[in-house]
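Peer 1: only geometry, no sequence info:
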């Protein structure tokens, strides 16, 4: 059967002050018009997997997941006792799926994306599920690039398997501007949106093969599942698994990897600058959210909570965000610097604001 | 006897979002380190006038004045039933003073200034009080200019009366940069800080002479003072008095006007940019108030409430202010534009934030 697995364990420091340690990005709407990115992701997946929807999250965020998804079965929330990155998290999810359904096909989907065209998304993942059923391979869904973005990893696409399904030659890191322009011009590259489809059993097999320590730990957890020792074993074993991403630990090593290219208004909501990709600007180029007044101000991204007012005069190309007790101002082109700013806040003893 | 009259009726839109309709500038500290500008002004004046301290304020602000100055006698709060500018307000104060003390000498002092050197201030106003006692003239205290400021009016100083006391030849409007530089270079100009000293009777005589309509209204109010009709007459008469400033209505017409130059760290706290005049900058030139973190950011003026954090990265020469539910961002050189921004907020239906 087809299962949807939503990865909801992230922190999202690039969206401070809206995203905080206790309220990461997936629990926010961030102007997408949805209840939260997580709820929107779940709703979007439901037509493809029905009630076989799972969420992997930090143990500390289980309550928030329940709040965001009140109809989700409690046993479909897979809690990580500690953050061990995506290889361990998806391995843990696969263990739970297989306990329920030895033939589980899983879609691994990040919780913190905005997708503009749900119909096209569903058409694409239908193809990906089918490919995962038909092939003993991991199938990614890549995003057809709309610009020479330097902030994403790319998938280099190779020969055709069948129809829209193609082999991936390699995973490539975030390129510089020149390389990114070349990637987009050739048409042989897709953005890596972090979505993939596979038989759960194959994912575990690949983890065992390429990440034996993680594989052994997951096997121990799997063995205890369904017994009264399940939680204890997970708590004992999981926190010591290596912290490795699924891309680095499995995807870049397993063969074959195949891909379906998708074009469905994908946005990773990865920084405040991304707001301009899914919200339209006013006649002065200002993209706003909340009560905002601009006066001789152009091309700014301005965000405020309900109940506050943010007023700008005579400035351009800035990001200005007020959320709760935090106010952020930086140039639009430096939106990636929020991460290092948050690091600075931490270093300077302002943890309470994070 | 010597009396101090503090003018506390202003609005102070240039300091939005800290100053609001219901909390004008004089009730704020604005980083001066005092309880409020008004309380600091009162405390500063007390050595010169003792308990003969008066506050002229809007009827709607009487409660706030009491809160700010709990020891002030209630009958020393002169409430304007409506805002009619400074000529009427100071005339009303003079009427009250004369009812108590026919020989009252009054110092008229704005409530919303910061003064760095109280001792020098007191030395200067001692000279001004003495001059007001000895001469049948209005005595201003002018501020020795420290820079070619274009944001203030100037006093053109003429010949010497005696000692430090000189005649004023004329009141001059805010100059352009070139003219301001000339003013400062000649040494014949002082900033008009809005402070003056006079026999209360002479002020009323001058109002009667140059502003007969106001004079008649004040005479009617004076006649009713001490009767049970006092408040009714004031409420009936005062709101129809002409709205004229004391400078325009009296000071520019009366002769002679004399002045004592003062150099006591005067600052009118007239805009957010003024914060840099009385608070020192950090090594990157940032002048901050509240919890502020800057990262590769220079020469900004940054203000936040207690309990919030304002974080700036990669920006320079900005004013960033958070106060209550308002956030303001504009270039430092445009700090005077806050007034027109507030007008825009009003025009766009955001009165609730003013």
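Peer 2: Ah, there it is. Since this is a predicted model, take the numbers as computed values, not measurements.
Peer 1: which outside residues touch stretch A:65-72?
Peer 2: A:8, A:26-27, A:35-36, A:38-39, A:42, A:53, A:55, A:57, A:74, A:77 (CB atoms under 8 Å, 6 or more residues apart in numbering or on different chains). Any C-beta I mention is one placed from the backbone N, CA and C, and that applies to glycine too.
Peer 1: Pull the residues that contact stretch A:221-233.
Peer 2: A:92, A:95-96, A:98-99, A:220, A:234, A:237-238.
Peer 1: Under a three-state scheme, what state does residue A:78 occupy?
Peer 2: strand (DSSP: H, G, I helix; E, B strand; the rest coil).
Peer 1: typed the wrong thing, it's residue A:352
Peer 2: Residue A:352 - assigned by three-state DSSP - is helix.
Peer 1: about what we covered before: got CSV for the contacts of stretch A:65-72, with neighbour count too?
Peer 2: Shown next, in CSV, are the contacts of stretch A:65-72 (neighbours: other CB atoms under 10 Å in any protein chain shown):
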residue, neighbour count
A:8, 29
A:26, 31
A:27, 23
A:35, 15
A:36, 22
A:38, 27
A:39, 19
A:42, 24
A:53, 23
A:55, 27
A:57, 26
A:74, 8
A:77, 20
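Peer 1: And the contacts of stretch A:221-233, which of them are buried?
Peer 2: Among these, those classed as buried by 16 or more other CB atoms under 10 Å in any protein chain shown are A:92, A:95-96, A:98-99, A:220, A:234, A:237-238.
Peer 1: Phi, psi for residue A:167 please.
Peer 2: phi -80, psi 150 (degrees, to the nearest 10).
Peer 1: and the nearest residue to it once chain neighbours are set aside, how many neighbours?
Peer 2: Spatial nearest neighbour of residue A:167, chain neighbours left out: residue A:158 (4.2 Å); criterion: CB to CB, 6 or more residues apart in numbering or on different chains. By other CB atoms under 10 Å in any protein chain shown, 16 other residues sit near residue A:158.
Peer 1: Can you verify residue A:158 is assigned to a helix?
Peer 2: No - per three-state DSSP, residue A:158 lies outside any helix segment and is strand.
Peer 1: tell me the contacts of it?
Peer 2: Contacts of residue A:158 (CB under 8 Å, 6+ apart): A:166-169.
Peer 1: Dump those residues into JSON lines; add secondary structure and neighbour count as well.
Peer 2: Formatted as JSON lines, the contacts of residue A:158 follow (DSSP: H, G, I helix; E, B strand; the rest coil; neighbours: other CB atoms under 10 Å in any protein chain shown):
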{"residue": "A:166", "secondary structure": "strand", "neighbour count": "20"}
{"residue": "A:167", "secondary structure": "strand", "neighbour count": "16"}
{"residue": "A:168", "secondary structure": "strand", "neighbour count": "23"}
{"residue": "A:169", "secondary structure": "strand", "neighbour count": "14"}
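Peer 1: buried sites along stretch A:60-67?
Peer 2: Residues of stretch A:60-67 classed as buried: A:61-62, A:64-65 (neighbour count, 16+ other CB under 10 Å).
Peer 1: Just flag the most distant two among those.
Peer 2: For those, with distances taken as CB to CB, the pair at the greatest spread is A:62 and A:64 (7.4 Å).
Peer 1: need the residues of the stretch 151-300 of chain A near chain B, please.
Peer 2: Counting by CB under 8 Å from any CB of the partner chain, the stretch 151-300 of chain A comes close to chain B at A:291, A:293, A:295.
Peer 1: could I get these as TSV with pLDDT?
Peer 2: Listed next are these as TSV, based on pLDDT from 0 to 100:
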residue	pLDDT
A:291	96
A:293	95
A:295	93
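Peer 1: Taking those residues, please make a ChimeraX selection of just the buried ones.
Peer 2: Selecting only the buried entries of these in ChimeraX, with 16+ other CB under 10 Å as the criterion:
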select /A:291,293,295
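Peer 1: ok so, going back, quick check, pLDDT for the residue nearest to residue A:167.
Peer 2: On the pLDDT scale, residue A:158 is placed at 97.
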